[in-house]
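>>> Using only what follows, build the 3D model:
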Amino acid sequence: MLNQSLIISKKYNNKTFESWIKLELNGYYSSNNELKENTILPEYRTVVGQYYDIYGRQLYIDDPKLTFIREERLRNSVLELEKLVNKDEILSISNPDHLSIIKENLGVEVSELKFSSANISGILQAIRTKLSDWLFDMDKEKGNGNMEKNPIIKKTINHWDKEMEKNIWLEIESQYGRSKRVVGKRINFIRETFRREIIFRDIAQSYYLANIGFSKPALILAGSVIEELLRNYIIYKGFTASGKTFNSYIKTCEDNNLLKMPLHGLNDSNRHFRNLVHMEKEQSKRHTISKTTAIGAVTSIFTLVNDFE
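Residues are numbered from 1 along each chain as shown. Next up, the predicted model:
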């Protein structure tokens with residue numbers, strides 16, 4: 001998919017998109033000419049694990065200021081990541097900088113960070129999502145509007161297990177009384193087939209992530225769904241938001257009485273979901289998103305959808 005998308009990026013002369021594809025294809029290594037001094041290793045490449053010493057003893061980190069050490073962003077190419085995820089085993093990595101921080105602050109020596117290969121699945125899915133979103137936005141910017149017919153896009157969508165999504169939607173219907181079909185009717189103001197598929201996928205994934213305890217990514221994904229729904233609903237109703245932010249969309253809905261639900265019910269964590277992408281915002285356990293908060297954010301999606309007319 002990335003190789004085919006590279007051709008599209010060249011066709012549209014999108015240098016930023018082309019550079020990102022080459023970084024994903026060849027890895028975020030110093031040997032890659034696309035890696036510049038200001039290149040930031042994406043957060044979606046983060047894995048979380050536990051540190052062990054050379055004797056196999058686990059290090060428990062309780063200090064909230066040091067929990068970031070258990071996170072590591074992988075530089076591997078997509079091909080390397082796909083090989084790792086197929087191993088279905090515990091993987092390990094050693095970051096000299098992090099090992100030094102642990103020794104200086106905790107006075108102990110560890111040798112490696114171990115993590116499950118399941119972490120890699122999340123990275124690959126994030127890459128597919130970013131790729132599909134980028135292609136869609138680029139196509140929309142060019143005014144083509146035919147992206148859902150593009151075979152590359154179809155292949156990207158299909159990588160998210162359709163059978164799994166179907167089962168998740170059955171769970172959603174059981175818990176919220178809202179089937180995929182009902183939600184689809186409520187958001188009929190969104191016409192693009194591809195965009196609807198993305199929304200259905202992201203709702204299912206946010207529900208899934210929230211219920212297995214991946215609270216932060218669930219909240220971020222749920223917030224992005226709500227933002228996109230509000231943005232499209234405002235356009236559909238013939239209004240113009242004062243800005244392109246979550247809060248501006250909420251204010252526009254409140255000022256024009258577009259929704260019945262009390263929008264202040266969208267809690268602060270949900271309203272500021274974009275800020276949660278940055279790890280420095282999590283300064284203590286108080287800032288850590290709980291499972292309850294994440295599930296509440298997902299519930300807000302269905303409360304909002306039920307309000308659309």
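>>> What ranges does the stretch 151-300 of the chain have for its helices?
Using DSSP state H, counting those that start in this stretch, the helices found in the stretch 151-300 of the chain span residues 151-158, 162-176, 180-186, 193-211, 215-236, 246-255, 268-271, 291-305.
>>> Now render these as CSV, adding mean neighbour count, distance to Leu2 and mean pLDDT.
C-beta: built from backbone N, CA, C; applies to glycine. As requested, the helices of the stretch 151-300 of the chain are arranged in CSV below (neighbours: other Cβ atoms under 10 Å; distance: least, Cβ to Cβ, whole Å; pLDDT from 0 to 100):
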stretch, mean neighbour count, distance to Leu2, mean pLDDT
helix 151-158, 16, 10, 52
helix 162-176, 14, 21, 80
helix 180-186, 15, 29, 93
helix 193-211, 20, 18, 88
helix 215-236, 21, 22, 88
helix 246-255, 17, 30, 85
helix 268-271, 17, 33, 52
helix 291-305, 20, 30, 86
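>>> outside of stretch 122-131, which residues touch it?
Here stretch 122-131 makes contact (Cβ atoms under 8 Å, 6 or more residues apart in numbering) with 1-2, 5, 21, 24, 42, 44-47, 74, 78, 81-82, 85, 156, 159-160, 205, 217.
>>> Please save the CA atoms from that stretch in CSV.
The C-alpha trace of stretch 122-131 is given here as CSV (Å, rounded to 0.1, in the frame of the first residue of the first chain):
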residue,chain,number,x,y,z
GLY,A,122,-1.4,-1.1,17.1
ILE,A,123,1.5,0.7,15.3
LEU,A,124,0.7,-0.9,11.9
GLN,A,125,-3.0,-0.1,12.3
ALA,A,126,-2.1,3.5,13.1
ILE,A,127,0.0,3.7,10.0
ARG,A,128,-2.8,2.4,7.9
THR,A,129,-5.2,4.9,9.5
LYS,A,130,-2.9,7.8,8.9
LEU,A,131,-2.3,6.7,5.3
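>>> Buried residues, it. List them.
Gly122, Ile123, Leu124, Gln125, Ala126, Ile127, Arg128, Thr129, Leu131 (16 or more other Cβ atoms under 10 Å).
>>> average model confidence for the helix or strand where the fifth one lies?
Using DSSP states H and E, Ala126 sits in helix 118-141. The predicted model gives helix 118-141 an average pLDDT of 77.
>>> Compute the inter-axis angle for it and helix 215-236.
Put simply, helix 118-141 runs at 20 degrees to helix 215-236, going by axes from the mean of the first three to the mean of the last three Cα atoms, to 10 degrees.
>>> how far away is Asn119 from Glu18?
27 Å (Cβ to Cβ, to the nearest Å).
>>> Pull stretch 184-192 out as CSV, backbone CA atoms only.
Written as CSV, here are the backbone C-alpha positions of stretch 184-192 (Å, rounded to 0.1, in the frame of the first residue of the first chain):
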residue,chain,number,x,y,z
GLY,A,184,-25.7,5.1,9.7
LYS,A,185,-29.2,6.6,9.3
ARG,A,186,-28.5,9.2,11.9
ILE,A,187,-25.4,10.4,10.2
ASN,A,188,-26.8,10.4,6.7
PHE,A,189,-25.7,14.0,6.3
ILE,A,190,-22.2,12.5,5.7
ARG,A,191,-22.5,11.3,2.1
GLU,A,192,-18.9,10.1,1.2
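>>> need the buried residues of stretch 122-131 in a markdown table with distance to Ser31, can you?
Listed next are the buried residues of stretch 122-131 as a markdown table, based on distance: Cβ to Cβ, whole Å:
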| residue | distance to Ser31 |
| --- | --- |
| Gly122 | 26 |
| Ile123 | 20 |
| Leu124 | 22 |
| Gln125 | 26 |
| Ala126 | 24 |
| Ile127 | 20 |
| Arg128 | 25 |
| Thr129 | 27 |
| Leu131 | 23 |
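>>> What is the nearest of those residues to Val305?
Distance to Val305 across these (Cβ to Cβ) is lowest for Thr129, with 20.8 Å.
>>> tell me the pLDDT at Ser30?
92.
>>> same deal with the one 5 residues further on?
Leu35 carries a pLDDT value of 94.
>>> That one is in contact with Leu23, isn't it?
Yes - if you go by Cβ atoms under 8 Å, Leu35 and Leu23 touch, sitting 6.6 Å apart.
>>> which of these two has more neighbours?
Legend: neighbour count by other Cβ atoms under 10 Å for Leu35 and Leu23, higher for Leu23 (22 against 18).
>>> what's the helix or strand for the more buried one?
Using DSSP H and E, Leu23 falls in helix 15-26.
>>> Give me the distance from that helix to the chain's centre.
19 Å (Cα atoms, centre = their mean, to the nearest Å).
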